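> sequence isn't available, so here's the structure alone:
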């Protein structure tokens, strides 16, 4: 499977809604150890807008945002400072090469098959008293994704798209993350929230997924404009039925799963 090509401008079109879960995650993250300059990693930093929020909260921390998308990293580096930098890395293989006070992963791990197997290495990379904080979407069984998969698996599209899209097992259940992150020397706080995003404009759910879940399809059809437009038209019509527009906009329910794991200070 070819890695999806990312479009930072499209992704940031719904930045306010996308950033809200990150604020909610950080609200339960304590100050990291390692003063006066804590070491922080942001795995899957994307366009760097949430990494900049880390720098705003801990202005003396040394922060590195990691991503494997050249397009996202180019946009992210606009946020770079003396203490905030960005580097290319793949979360599927990234292992801390130094102890961190905080490792954050926001809306990334759904793209990393088998990511539960990476969590022990990241916990081991924390200083005593350090924190691993993550947030993942938990809506893969909702119409936005289920309809995408059904359409991609239809006779017309299966030869080109049938194996591209993620299923409900792309992330663990909340109980699964609690089990994976709780053990000798670690405790975890896990919860879930369903946001009711009220989106303005025409076909806003399609516009949302163009920035995230639909990227594998858009990448696969990038060299065939006619096929891309045909798929988008079919998918758009399905979304209009699943998410009808109301007098104040389109309601887009979005479930997210959060986990904050602490390494004992010993």
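Yep, it's here. Just so you know, these numbers come straight off a predicted model, no measurement behind them.
> let me see the ranges of the helices in the stretch 1-150 of the chain.
Ranges of helices in the stretch 1-150 of the chain, per DSSP state H, counting those that start in this stretch, are 8-11, 15-26, 49-57, 70-76, 119-124, 143-152.
> which stretches of the chain have low pLDDT?
Along the chain, the model assigns pLDDT under 70 to residues 1-2, 266.
> thinking again about what came up before, out of the helices of the stretch 1-150 of the chain, which is closest to residue 256?
With CB to CB, the closest approach to residue 256 among these belongs to helix 15-26: 4.9 Å. Every C-beta, even on glycine, is put in place using the N, C-alpha and C of the backbone.
> the inter-axis angle of the closest one versus helix 49-57?
On the basis of axes from the mean of the first three to the mean of the last three CA atoms, to 10 degrees, helix 15-26 is oriented at 50 degrees to helix 49-57.
> would you mark the buried spots in helix 15-26?
18, 21-22, 25-26 (16 or more other CB atoms under 10 Å).
> among the helices of the stretch 1-150 of the chain, which is nearest residue 83?
Across those, residue 83 has its closest neighbour in helix 49-57 (6.9 Å, CB to CB).
> and that closest one, what other elements does it pack with?
In terms of contacts (3 or more CB pairs under 8 Å, 6 or more residues apart in numbering; DSSP states H and E), helix 49-57 is packed against helix 15-26, strand 39-43, strand 62-67, strand 84-88, strand 100-106.
> change it to 6 Å
Applying 3 or more CB pairs under 6 Å, 6 or more residues apart in numbering; DSSP states H and E, we find helix 49-57 packed against strand 62-67.
> mind listing what the strand it packs on pairs with, with the direction of each?
Note on strand 62-67: by DSSP bridges, its sheet partners are strand 39-43 (parallel), strand 84-88 (parallel).
> for the first one, give me every contacting residue.
With CB atoms under 6 Å, 6 or more residues apart in numbering as the contact definition, strand 39-43 has outside contacts at 51, 54, 61-66, 91, 100-105, 108.
> dump the helices of the stretch 1-150 of the chain into TSV; add distance to residue 224 as well.
Listed next are those as TSV, based on distance: least, CB to CB, whole Å:
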stretch	distance to residue 224
helix 8-11	19
helix 15-26	29
helix 49-57	32
helix 70-76	20
helix 119-124	39
helix 143-152	15
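> how close does residue 237 get to residue 222?
To residue 222, residue 237 is 22 Å away according to CB to CB, to the nearest Å.
> give me the residue at the spatial middle of this protein.
residue 107 (1.5 Å; CA atoms, centre = their mean).
> gap between that one and residue 183?
25 Å.
> got it, and residue 142?
Between residue 142 and residue 183 the computed distance is 31 Å (CB to CB).
> so those two - more neighbours on which side?
It is residue 142, of residue 142 and residue 183, that has more neighbours when counted by other CB atoms under 10 Å, with 18 against 12.
> could you check the angle the longest helix that the chain contains makes with helix 143-152?
Across the chain, the longest stretch assigned as helix under DSSP state H is helix 225-242. On the basis of the same axes, to 10 degrees, helix 225-242 is oriented at 140 degrees to helix 143-152.
> burial measure for the residue nearest to residue 12 when sequence neighbours are not counted, as a count.
The shortest distance from residue 12 to any non-neighbouring residue, by CB to CB, 6 or more residues apart in numbering, is to residue 47 (5.8 Å). Using other CB under 10 Å, residue 47 is surrounded by 26 other residues.
> now do the contacts for residue 47.
Contact partners of residue 47, counting by CB under 6 Å, 6+ apart, are 8, 12, 72, 75-76.
> could I get the phi/psi values of the residue nearest to the centre of the chain?
phi 50, psi 40 (degrees, to the nearest 10).
> tally of neighbours for residue 81?
10.
> okay, now the closest residue to it other than its chain neighbours: neighbour count?
Distances taken as CB to CB, 6+ apart place residue 55 nearest to residue 81, at 6.9 Å, with adjacent residues excluded. If you count neighbours by other CB under 10 Å, residue 55 ends up with 21.
> still on that earlier bit, of the strands paired with strand 62-67, flag the one that's most buried.
A comparison of the strands paired with strand 62-67 by mean neighbour count, using mean count of other CB atoms under 10 Å, puts strand 39-43 on top with a mean of 25.
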